[in-house]
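# got a predicted model here, sequence first, then my questions.
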Amino acid sequence: MNDDHGMSAVLVGLSCTSVSKAEHSWHLGFGGGSINLNLECPWRLLVGGTIAYGDEDHAQRFGHHVPVDGVERTESILSASPVTKVEVKAGTGDLTLAFENGVKFEAFNSSAGYEGWNLSTKEALGFFVVEEGGGHLEVFLAGATRSISGLSSRYVGSA
């Protein structure tokens, strides 16, 4: 069963409008920067069911004269089409975004303890999801916190 924890309501219909890379993380902006997906875990882009780009490909030459520009490659693949589906895999917190043109973005948590990814909206929207490692998600809503341990939900904090 897929419980996207409200992320479909935030992402579906939006295209990726910006991509940036820091030393150990990637940042994808959706909806003109109103939604941010921050990644500190392995991820890849599938086009036609095959890997078109993986986060470790950035700056690699692969026998070419010029290294791969991961920011440019990711932007060109993801900006072409809006998100149609969001899936979060139970037990691992792996994230899959499906796009209208058939592209799939897959982020897979590789740690039992480190935060793999987080999704946030601008402050006014009040929505923040953190994959904390080991498949444990925390969903922060305006005025409340929803903790999903092993993706079974319970509410914590004030409503």
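Cool, got the structure.
# what does stretch 18-29 rub up against?
Stretch 18-29 is touched from outside by 16-17, 33, 35-40, 43, 55, 58, 70-71, 74-75, 78, with contacts defined as Cβ atoms under 8 Å, 6 or more residues apart in numbering. For the C-beta atoms, the positions are set from N, CA and C on the backbone; glycine is no exception.
# just these: which are in strands?
Under the assignment DSSP state E, the contacts of stretch 18-29 contribute 16-17, 35-39, 43 to strands.
# quick check: the farthest pair among those?
With distances taken as Cβ to Cβ, the most widely separated pair in the ones in strands among the contacts of stretch 18-29 is Thr17 and Trp43, at 17.6 Å.
# who's the closest spatial neighbour of Val129, skipping the chain neighbours?
Closest residue in space to Val129, ignoring its immediate chain neighbours: Leu119 at 4.6 Å, by Cβ to Cβ, 6 or more residues apart in numbering.
# who does that neighbour bridge with?
Leu119 forms beta bridges with Leu37, Val129, as assigned by DSSP bridges.
# residues in contact with the most centrally placed residue in the chain?
Per Cα atoms, centre = their mean, the C-alpha nearest to the average position across the chain is that of Leu37, at 4.9 Å. Leu37 sits next to 27-30, 117-119 when contact means Cβ under 8 Å, 6+ apart.
# alright, calling it a day.
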